[in-house]
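Q: Mind looking at a prediction? Sequence and model below.
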Amino acid sequence: MGSPRANLILAHTADPAVQAVQSPVAIIDIGSNSVRLVAYDGLTRAPTPLYNEKVLCGLGRNVLTTGRLNEEAVARALAALARFRVLCETMRVGRVFVLATAAARDAENGPDFLRAAEAACGQEIQLLSGRREAELSAMGVISGFHAPDGVVGDMGGGSLELVDVRGTVVGQGVTMPLGGLALQDLSGGSVKKAAKIVREHMRKAVPQLETLRGRTFYAVGGTWRALARLHMAARGYPVHVMHGYTVEPTDELTFLQIVEQTDVALLQDVDAISEARRPLLAYGAAVLEEIIRVGRPREVAISASGVREGLLFEQLDRDTRLIDPLLASAAEFNTLRSRAPRHGEELIAWTDRFVATLDGHETADERRLRHAGCLLSDVGWRAHPDYRDAQSIAAIQNAAFVGVDHPGRAYLALAVSLRHTGLAPEKANSVLRGVAGARLFERARLLGGLLRVAFPISAGMDGALGRAPLTVEDGRVILRLPRDWEALNGDRLLNRVRGLGRVLGREGRIEIG
């Protein structure tokens, strides 16, 4: 397939034939700890959840010691499945996928439960092997990250799956009985004993962990997301989106040790974690600590995409899989929220031409971020003018985007915000500026400046920008207007061209004809 980056298709230029039919799809995930329903708006490259509900049933509790699913847990699960069936009918879901994992796989009464579960939800259930679960988790990370490179770890209630991923290539996976409930069961509730069990089982994962050094560990699963939420609270981190949150390993080790040794009730922001999840946090910390110690990753990244998203990604045709998920999401926002969706597409071409005349280098990642920023540039237009910057920040910072890390998310919010507030550094949101970093902040000022020039020409409508090229020539930023648009050449537009020039350390001017 070649370079995964080179093969990405921009969502806004993809042939409509590769876009899947927009009808709701749903996945019911029967896990060892929870039974969850997620309904999505369609089978697309970046599906948006329509509805998400989970019930913490604890099917995997004590399975490894008793060999059986607990009757009370089974009753809760069957009740949840019957409820999910009604909800899917209410949402007019076209297709429902039902998955079952470690608990149903390992229990001697698992087959009986699956028969009852199929009757409750009215669907055939796919019982995933450990290897299949690892494969789908890896595909979920491929669907949710831009050109991922590292090892995926999916920790559920009953098992842990580890698998290498490089771009679009999935390696050999391994599964171990190191889920939170399984460890609690095997260790008799002792976190110290659980840590020893983890070390013993991790010997099976040496082929996967040996490849992790200097790469990214992608953490999948509710327990690790809960730990990330607590870590965010402990450091006062300002962006609360889980997906793409990254942690430096040495910092993470210190935090994990605190979780293992401290009464969970004393942890900051623990009220945000469900009571059923809290006892499993220390076991999740023990597993992640061992992975970091043995694998020595460059960073730990939290993934909200896992088995469910991997299954949906698998249903897509090859061309649709190659669409950049960030640009797919941004294109959808552009269609739903902008005054004229084609204007966002014209902005991409217009800014492409300008950037091509600059001396400085724009990386491939910076280019895709700029394209996404163009598509998102008008998301706040319906707000009162005094609040368009705040509305834009809120929409972009908290959107359910995938394929973008937190610095990239901050860049997008800053660029669109600066379009409204002006380009002075002191006017930028200081919190987002810190998340973006120096390089992306300056790129955000550049895009913000370009947008500030574009909108007084086009009024946010398509068909105008092609007649008003903006370039850098002879060390100057030059906007050329056709003679019949000479009336646009007033102080407002000239000041914006000059403001863009100041960002680049150049003179700005307008030429007619």
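A: Received the coordinates, thanks.
Q: Which stretches in this protein count as strands?
A: 25-30, 34-40, 49-56, 95-100, 125-127, 149-155, 160-166, 169-176, 216-220, 246-247, 299-303, 470-473, 476-481, 507-512 (DSSP state E).
Q: Now do the fourth one: which elements does it pack against?
A: Spelled out, that is strand 95-100. strand 25-30, helix 110-121, strand 125-127, helix 307-315 (3 or more Cβ pairs under 8 Å, 6 or more residues apart in numbering; DSSP states H and E). Backbone N, C-alpha and C define where each C-beta goes, glycine included.
Q: The residue nearest the centre of the chain: what's its closest spatial neighbour, skipping adjacent residues?
A: When the chain is reduced to its mean C-alpha position, the nearest residue by Cα atoms, centre = their mean turns out to be residue 402, at 3.2 Å. Leaving aside its chain neighbours, residue 402 sits nearest to residue 144 (4.1 Å; criterion: Cβ to Cβ, 6 or more residues apart in numbering).
Q: do the same with residue 286
A: The shortest distance from residue 286 to any non-neighbouring residue, by Cβ to Cβ, 6+ apart, is to residue 195 (4.6 Å).
Q: Packed most tightly, which of the helices and strands packed on strand 95-100 would that be?
A: strand 25-30 (a mean of 23; mean count of other Cβ atoms under 10 Å).
Q: strand partners of that one, parallel vs antiparallel please.
A: strand 34-40 (antiparallel), strand 95-100 (parallel) (DSSP bridges).
Q: quick one, what contacts residue 502?
A: 423, 508 (Cβ atoms under 8 Å, 6 or more residues apart in numbering).
Q: what's the answer for the one 4 residues further on, then?
A: Residue 506 is in contact with 472, 475, 476, 477, counting by Cβ under 8 Å, 6+ apart.
Q: For the second one, give me phi and psi.
A: Here is the backbone geometry of residue 475 (degrees, to the nearest 10): phi 80, psi 10.
Q: distance of the closest residue to it other than its chain neighbours from residue 414?
A: Closest residue to residue 475 apart from its sequence neighbours, by Cβ to Cβ, 6+ apart: residue 506 at 5.8 Å. Distance from residue 506 to residue 414, counting by Cβ to Cβ, to the nearest Å: 22 Å.
Q: Ok, residue 462 next?
A: 25 Å.
Q: tell me the pLDDT at the nearest residue to residue 210 once chain neighbours are set aside?
A: The shortest distance from residue 210 to any non-neighbouring residue, by Cβ to Cβ, 6+ apart, is to residue 295 (7.9 Å). Residue 295 carries a pLDDT value of 95.
Q: What separation is there between residue 295 and residue 249?
A: The gap separating residue 295 from residue 249 is 9 Å, by Cβ to Cβ.
Q: Looking at the two, which one has more neighbours?
A: Set residue 295 next to residue 249 and count neighbours by other Cβ atoms under 10 Å: residue 295 wins out with 25 against 20.
Q: what's near enough to touch that one?
A: Neighbours of residue 295 in contact, by Cβ under 8 Å, 6+ apart: 151, 209, 210, 212, 213, 217.
Q: Quick one: buried ones out of these?
A: Neighbour counting with 16 or more other Cβ atoms under 10 Å marks 151, 209, 212, 217 as buried within the contacts of residue 295.
Q: my read: residue 33 touches residue 181, true?
A: Yes. In terms of Cβ atoms under 8 Å, residue 33 counts as a neighbour of residue 181; the distance is 5.8 Å.
Q: Pull up the overlap in contacts between the two.
A: Common neighbours of residue 33 and residue 181, counting by Cβ under 8 Å, 6+ apart, are 58, 60, 157, 158, 280.
Q: Any chance of those residues in a markdown table with neighbour count and distance to residue 340 as columns?
A: What follows is the shared contacts of residue 33 and residue 181, written out as a markdown table (neighbours: other Cβ atoms under 10 Å; distance: Cβ to Cβ, whole Å):
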| residue | neighbour count | distance to residue 340 |
| --- | --- | --- |
| 58 | 23 | 51 |
| 60 | 32 | 52 |
| 157 | 31 | 48 |
| 158 | 30 | 51 |
| 280 | 23 | 49 |
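Q: mind listing the helices for the stretch 351-500 of the chain?
A: Under the criterion DSSP state H, counting those that start in this stretch, the stretch 351-500 of the chain contains helices at 364-375, 388-397, 406-421, 430-436, 438-458, 491-504.
Q: now for the ones you listed, which one comes closest to residue 353?
A: Within the helices of the stretch 351-500 of the chain, the stretch nearest residue 353 is helix 438-458; the backing value is 10.6 Å (Cβ to Cβ).
Q: between the closest one and helix 406-421, how big is the angle?
A: 40 degrees (axes from the mean of the first three to the mean of the last three Cα atoms, to 10 degrees).
Q: Give me the buried positions along helix 438-458.
A: Neighbour-count burial for helix 438-458, counted by 16+ other Cβ under 10 Å, picks out 440-441, 443-455, 457-458.
Q: Who are the packing partners of that helix?
A: Checking 3+ Cβ pairs under 8 Å, 6+ apart, helix 438-458 ends up next to helix 341-356, helix 364-375, helix 406-421, helix 491-504.
Q: hmm, 10 Å instead?
A: Helices and strands touching helix 438-458, by 3 or more Cβ pairs under 10 Å, 6 or more residues apart in numbering; DSSP states H and E, are helix 341-356, helix 364-375, helix 406-421, helix 430-436, strand 470-473, strand 476-481, helix 491-504, strand 507-512.
Q: so which of these gets nearest residue 165?
A: Set against residue 165 and scored by Cβ to Cβ, the helices and strands packed on helix 438-458 come closest in helix 364-375, at 18.2 Å.
Q: Residue 487 versus the residue nearest to residue 475, what's the distance?
A: 26 Å.
Q: for residue 449, same thing?
A: Counting by Cβ to Cβ, the gap from residue 449 to residue 487 is 23 Å.
Q: Residue 354 and residue 472 touch, don't they?
A: Yes. Assessed by Cβ atoms under 10 Å, residue 354 is found in contact with residue 472 at 7.2 Å.
Q: Overlap of the contact sets of the two?
A: Listed as contacting both residue 354 and residue 472 by Cβ atoms under 10 Å, 6 or more residues apart in numbering are residue 500.
Q: tell me the contacts of the nearest residue to residue 471 once chain neighbours are set aside?
A: Counting by Cβ to Cβ, 6+ apart, residue 471 lies nearest to residue 357, which is 4.5 Å off, once chain neighbours are set aside. By Cβ under 10 Å, 6+ apart, residue 357 lies in contact with 469, 470, 471, 472, 473, 477, 478.
Q: Recalculate using a threshold of 7 Å.
A: Residues in contact with residue 357 (Cβ atoms under 7 Å, 6 or more residues apart in numbering) are 471, 472, 473.
Q: If any of these are buried, give me the ChimeraX selection for them.
A: Only the buried entries of those go into this ChimeraX selection, using 16+ other Cβ under 10 Å:
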select :472
